[in-house]
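Peer 1: A structural model of the following input is requested.
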Amino acid sequence: NNSVLYIVYRSQGKFTEKQVKVHPTVLHFFSHIPETVLDFSCIELPCLVPPLPWLSSTMGGYLLTQTDFVRTPIPAAGQQDAHIRSPPM
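Peer 2: As a prediction, this is how the structure comes out:
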């Protein structure tokens, strides 16, 4: 098996917890890099649970990260903020 990640089940009392672990060889490889924290964006990783359907312009998308319904370029951020602050029609 050549997986970077693997699954371990650990029992704690009457509960069994499923954990996703990084393979020890990968940990050893990254131990030689000065950076100690590895961050992965939810957008860059495969999604095990599909995103929520968009119910409105503010409700939907990924569960753990805030995703704008309409992505705008940085210069247009003020327009989007004004739209959010405007009263409903």
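Peer 1: just so I have it, where are all the strands in this protein?
Peer 2: 5-12, 15-22 (DSSP state E).
Peer 1: Within its sheet, name the partner strands of the first one and how each one runs.
Peer 2: Think strand 5-12. Strand pairing for strand 5-12, determined by DSSP bridges: strand 15-22 (antiparallel).
Peer 1: any weak-confidence spans in this protein?
Peer 2: Along the chain, the model assigns pLDDT under 70 to residues 1-2, 35-36, 38, 41-49, 57, 62-72, 89.
Peer 1: The strands of the chain: which one's closest to Asp81?
Peer 2: strand 15-22 (36.9 Å; C-beta to C-beta). For the C-beta atoms, the positions are set from N, CA and C on the backbone; glycine is no exception.
Peer 1: Give me the contacts around that closest one.
Peer 2: Applying C-beta atoms under 8 Å, 6 or more residues apart in numbering, the contact partners of strand 15-22 are Val4, Leu5, Tyr6, Ile7, Val8, Tyr9, Arg10, Ser11.
Peer 1: before we move on, the earlier item: can the strands of the chain go into a markdown table with extra columns for mean neighbour count?
Peer 2: Shown next, in a markdown table, are the strands of the chain (neighbours: other C-beta atoms under 10 Å):
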| stretch | mean neighbour count |
| --- | --- |
| strand 5-12 | 9 |
| strand 15-22 | 10 |
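Peer 1: Dump the ones you listed to a markdown table, plus distance to Trp54.
Peer 2: A markdown table is the format used below for those (distance: least, C-beta to C-beta, whole Å):
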| stretch | distance to Trp54 |
| --- | --- |
| strand 5-12 | 29 |
| strand 15-22 | 28 |
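Peer 1: Can you check which of the ones you listed gets nearest to Gly78?
Peer 2: strand 15-22 (39.9 Å).
Peer 1: Just the CA coordinates for that closest one, please, in CSV.
Peer 2: Extracted in CSV, the C-alpha atoms of strand 15-22 (Å, rounded to 0.1, in the frame of the first residue of the first chain):
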residue,chain,number,x,y,z
PHE,A,15,-16.9,4.5,21.7
THR,A,16,-14.7,3.7,18.8
GLU,A,17,-13.0,6.7,17.1
LYS,A,18,-11.9,6.7,13.5
GLN,A,19,-8.6,8.6,13.0
VAL,A,20,-6.8,9.6,9.8
LYS,A,21,-3.1,9.4,10.3
VAL,A,22,-0.1,10.4,8.2
